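>>> I'll drop the sequence and a predicted model, then ask my questions.
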Amino acid sequence: INAEYGEKEEQKARKPTWTRAPGQMCKIPKTEHFEIPTPELGCLLMSFSTDGRFLACACVGKNSNPILVYSIPDGVHQYTLTGHHNIVYDLKWYKQSLLSASSDCTARVWKNATQDKQMAHPSFVYSARWVDKRKVVTGSYDRTMRIWDTNCAGSNCALLAQLHGHTGHVNSIVFKGNDTMYSGDSKGQIIEWNGGGSAWSQSDTIQPTEIKDTPISVLLLHPNKRRLFVQSRDNHVRLLDLRIRAVTQRYTGHSNSREHIRCSVSPCGTYLLSASEDGDVYVWLVETGELSYTYKTGLPHSTADVKFHPHDNYVAISSFGSSHAVQFYKREDTLQELPPVPGVGAKMEVIREKLLTVSPNKTTQGQDPSALMQTQNKLKLPGGVSGLVQSTPLNPGTLNSGTLNPGMSITLTPGTAQISGLPKSSAGLKLRILHDYTAQRSDEVDLRANEFVKLLYIDTDGWWVGENKAGNQGYFPANHVEQPTPAQSISFRTLNPLNTNSPAAKRKIDFNMSMTNGEKEWQTFDSTMHVGTMSPASLSPRAGLSDNESLASSTRSASRMRHTSAKMERKDQNK
């Protein structure tokens, strides 16, 4: 058990980490990463394993036709599969098992770097696919498709069924789920099969007029499972919509009229890649058919296959006809350093120096300015309101230039607010608390019934400023305390508008904002002002309502007014 656990942990540690996240759009790699040497006649086709860790290359030599398996992305040779006596035309992985089809009239299953099963045919085998983990389907030169069971005793697989219907030799097979299969032949005919396991029946025949009697080399299913790429030997790759059974896009520019070359689609479905008889590899945008990129290999003969890695931005290109190596490309996204903008660095340094040289008050003298900036920020608020504010962000509308008079300052800490510079006419008035209130924000104060609160300032929207028994100062709802008598009516100070003749000017205030360097800069702010005198009667419970109803109604009204004030302030600041 320990040995098995250790082996699994070692395999997990060796598992590569891919740079492309699942579902992320693919990018075309343009940097050659490494090369895989091949025998005398090159490599006819390739196949990435399902997990992307291995690349199988079906090579062609003068005396052998080996299948070379390399690890990805390091390109280290792992093992060689020998046994086929002629050209290998198809390769397909299922987990760690590899299926191959060859013109030596056999299809073979390889497990653990050795041959496991064999399927003998009466003719050349051009295509092979996994039906499930036990069954395999093959297509051959005799226009017949066969279903095989690989889970049987001995080295030979059991033949389960034969499918007829093609008028040419079967070159390609592709699955759509577990119950639909498509096969293409040398007469340009595509047959749709329905069923599962070993029971399959022909459900439809698709033969576009433009590819009639034209050999189909490859059928490739789009990642969305609704479209089918058809590569034929007339210098075309076509995109067939399986819902309407019609060609919706064509890809041209490459050369393919004689040889059995192959195409590939990126896992995201954005790019279509195809080998070409002119020695290059062409890349198109799937949706538009526009040629996006061309790999210039410089080969004097055709490229045979191109494959896009299933989990990363890698591309492998092979050729057939000489001992030219398999080229492996990777994507390198390097961030280039942008040239500095003249003057920006100096300006940022000035701002930094200002932030680090905030003038300390009596509570912060002797502290390192850089350490102070981590917990506190020196803010200059409109209307002369200034103070030390904790780094906890405040809700919009907590303070506005129409709330406090010039010369007033506020220091906020979590749960408390210390306000100074209030009108002397309102200082010293104590009001009895009628209902409990718990502070909801950092600039509010707690109230306890039957205690007294010292009134410091009357705001315009039903929220007053006071000091409770604990000595904490802040806002509280006016309808939670006993109302002043008419003789105690308090007039609050307002700012003179710049131009009382203009309605727009009535919402303008000039205020002095002190800068950290000691200079004064005048700015104009928009704010909502209510010029006049507030009467306590305007805050009293409405007639005809009980105390509880009056309290709830007044609280809702005050909340709506505060929300409107905050909204107006944000709108004005945006302007």
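Received the coordinates, thanks.
>>> Report the contact partners of the closest residue in space to residue 25 that isn't next to it in sequence.
Of all residues not flanking residue 25 in the chain, residue 268 sits nearest, at 5.0 Å (Cβ to Cβ, 6 or more residues apart in numbering). Any C-beta I mention is one placed from the backbone N, CA and C, and that applies to glycine too. Contacts here follow Cβ atoms under 8 Å, 6 or more residues apart in numbering; on that basis residue 268 touches 23, 24, 25, 26, 223.
>>> Now for residue 268, which secondary structure element holds it?
Here residue 268 sits in a region with no helix or strand, counting by DSSP states H and E.
>>> separation between it and residue 24?
Look at residue 268 and residue 24: by Cβ to Cβ, to the nearest Å, they are 7 Å apart.
>>> Helix, strand, or coil at residue 210?
Here residue 210 is recorded as helix under DSSP: H, G, I helix; E, B strand; the rest coil.
>>> How about the contacts made by it?
238, 247.
>>> Please report the distance of it from residue 88.
Here residue 210 is placed at a distance of 31 Å from residue 88 (Cβ to Cβ).
>>> next one: residue 112
For residue 112 relative to residue 88 (Cβ to Cβ), the value is 19 Å.
>>> in terms of contact, does residue 281 touch residue 304 like I think?
No: contact criterion Cβ atoms under 8 Å: residue 281 and residue 304 do not qualify, at 10.3 Å.
>>> joint contacts of those two?
residue 275.
>>> low-scoring stretches of the protein, by residue?
Scanning the chain for pLDDT under 70 picks out 1-14, 333-428, 459-461, 485-575.
>>> and residue 479, that one's in a strand?
No: applying three-state DSSP, one finds residue 479 to be helix, outside a strand.
>>> Looking at residue 112 and residue 88, which one has more neighbours?
Higher neighbour count among residue 112 and residue 88: residue 88, with 26 against 8, using other Cβ atoms under 10 Å.
>>> which residues in the stretch 251-400 of the chain form helices?
Secondary structure of the stretch 251-400 of the chain by DSSP state H, counting those that start in this stretch: the helices cover 344-356, 369-372.
>>> no wait, the stretch 1-150 of the chain
Going by DSSP H, counting those that start in this stretch, the stretch 1-150 of the chain shows helices at 2-14.
>>> what's the neighbour count on residue 472?
Neighbours around residue 472, by other Cβ under 10 Å: 17.
>>> residues touching the residue nearest to residue 211 when sequence neighbours are not counted, list them.
The spatially closest residue to residue 211, leaving aside those adjacent along the chain, is residue 188, at 4.1 Å (Cβ to Cβ, 6+ apart). Taking Cβ under 8 Å, 6+ apart as the criterion, residue 188 is in contact with 168, 207, 208, 211, 212, 213, 214, 215, 216, 232.
>>> What is the neighbour count of the second one?
Right, the one you point to is residue 207. 17.
>>> quick one, phi/psi of the residue nearest to it when sequence neighbours are not counted?
Excluding its sequence neighbours, the residue lying closest to residue 207 (Cβ to Cβ, 6+ apart) is residue 189, at 4.9 Å. Dihedral angles of residue 189 (phi, psi; degrees, to the nearest 10) stand at phi -100, psi 140.
>>> ok, residue 189 touching residue 166?
Yes: with contact defined as Cβ under 8 Å, residue 189 reaches residue 166; the gap is 6.4 Å.
>>> Using the three-state scheme, assign residue 237.
Taking three-state DSSP, the label given to residue 237 is strand.
>>> Okay, and the beta partners of it?
Counting by DSSP bridges, residue 237 is bridged to residue 231, residue 251.
>>> can you tell me how far it sits from residue 462?
Residue 237 is 73 Å from residue 462, by Cβ to Cβ.
>>> So these two - more neighbours on which side?
More neighbours surround residue 237 than the other of residue 237 and residue 462, with 27 against 20 (other Cβ under 10 Å).
>>> Pull out the buried members of the contacts of residue 268.
residue 26 (16 or more other Cβ atoms under 10 Å).
>>> ok, which pair from the contacts of residue 268 is furthest apart?
Greatest spacing in the contacts of residue 268, by Cβ to Cβ: 24 and 223 (13.0 Å).
>>> For ChimeraX, write the selection for the buried entries among the contacts of residue 188.
Selection of buried members from the contacts of residue 188 for ChimeraX, criterion 16+ other Cβ under 10 Å:
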select :168,207,208,211,214,215,216,232
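>>> of the contacts of residue 188, closest to residue 141?
For the contacts of residue 188, the nearest to residue 141 is residue 168 (9.4 Å; Cβ to Cβ).
>>> Now do the contacts for that closest one.
For residue 168, the contact set (Cβ under 8 Å, 6+ apart) comprises 143, 185, 186, 187, 188, 189, 215.
>>> Which residue comes closest to the last one once chain neighbours are left out?
The shortest distance from residue 215 to any residue that is not its chain neighbour, by Cβ to Cβ, 6+ apart, is 4.3 Å, and that residue is residue 186.
>>> residue contacts, the one you found?
168, 169, 171, 215, 216.
>>> In those, find the pair that's most separated.
Of all the pairs that the contacts of residue 186 form, the one spanning the most space (Cβ to Cβ) is 169 and 216, at 10.4 Å.
>>> Overlap in contacts, the two.
Common neighbours of residue 169 and residue 216 (Cβ under 8 Å, 6+ apart) are 185, 186.
>>> For residue 165, which non-adjacent residue is spatially closest?
With Cβ to Cβ, 6+ apart, the residue lying closest to residue 165 is residue 202, at 5.0 Å.
>>> just checking, next helix/strand downstream of the helix or strand where the one you found lies?
Using DSSP H and E, residue 202 maps to strand 199-206. Counting by DSSP H and E, the element after strand 199-206 in chain order, helix or strand, is strand 216-221.
>>> Which elements pack onto that following strand?
strand 170-176, strand 180-185, strand 227-232, strand 263-265 (3 or more Cβ pairs under 8 Å, 6 or more residues apart in numbering; DSSP states H and E).
>>> Make JSON lines from those strands and add distance to residue 41 to it.
Converted to JSON lines, the helices and strands packed on strand 216-221 look like this (distance: least, Cβ to Cβ, whole Å):
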{"stretch": "strand 170-176", "distance to residue 41": "21"}
{"stretch": "strand 180-185", "distance to residue 41": "26"}
{"stretch": "strand 227-232", "distance to residue 41": "22"}
{"stretch": "strand 263-265", "distance to residue 41": "21"}
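>>> and residue 314, what is it in contact with?
Taking Cβ under 8 Å, 6+ apart as the contact definition, residue 314 lies against 29, 33, 72, 73, 308, 328, 329, 330, 331.
>>> go on, residue 235?
252, 254, 255, 256, 257.
>>> Now rank those by neighbours and give me the top one.
Busiest of the contacts of residue 235 [other Cβ under 10 Å] is residue 254, holding 25 neighbours.
>>> Give the phi and psi angles for residue 104, as a check.
According to degrees, to the nearest 10, residue 104 has phi -90, psi 20.
>>> heads up, I number from 363, so please use that
Happy to do that; since the first residue is 363 now, the last one works out to residue 466.
>>> just to revisit the earlier point, unless I'm misreading it, the residue nearest to residue 527 sits right up against residue 528, doesn't it?
No: between residue 564 and residue 528 there is no contact under Cβ under 8 Å: 9.8 Å.
>>> okay, and the common contacts of the two?
Taking Cβ under 8 Å, 6+ apart as the criterion, residue 564 and residue 528 both touch residue 553.
>>> quick one: which of the two has more around it?
Between residue 564 and residue 528, counted using other Cβ under 10 Å, residue 528 has the larger neighbour count: 23 against 15.
>>> backbone phi and psi for that one, please?
phi -80, psi 150.
>>> how close does it sit to residue 466?
21 Å.
>>> what do you get for residue 504?
Going from residue 504 to residue 466 by Cβ to Cβ gives 15 Å.
>>> Equivalent analysis for residue 475, please.
Residue 475 is 20 Å from residue 466, by Cβ to Cβ.
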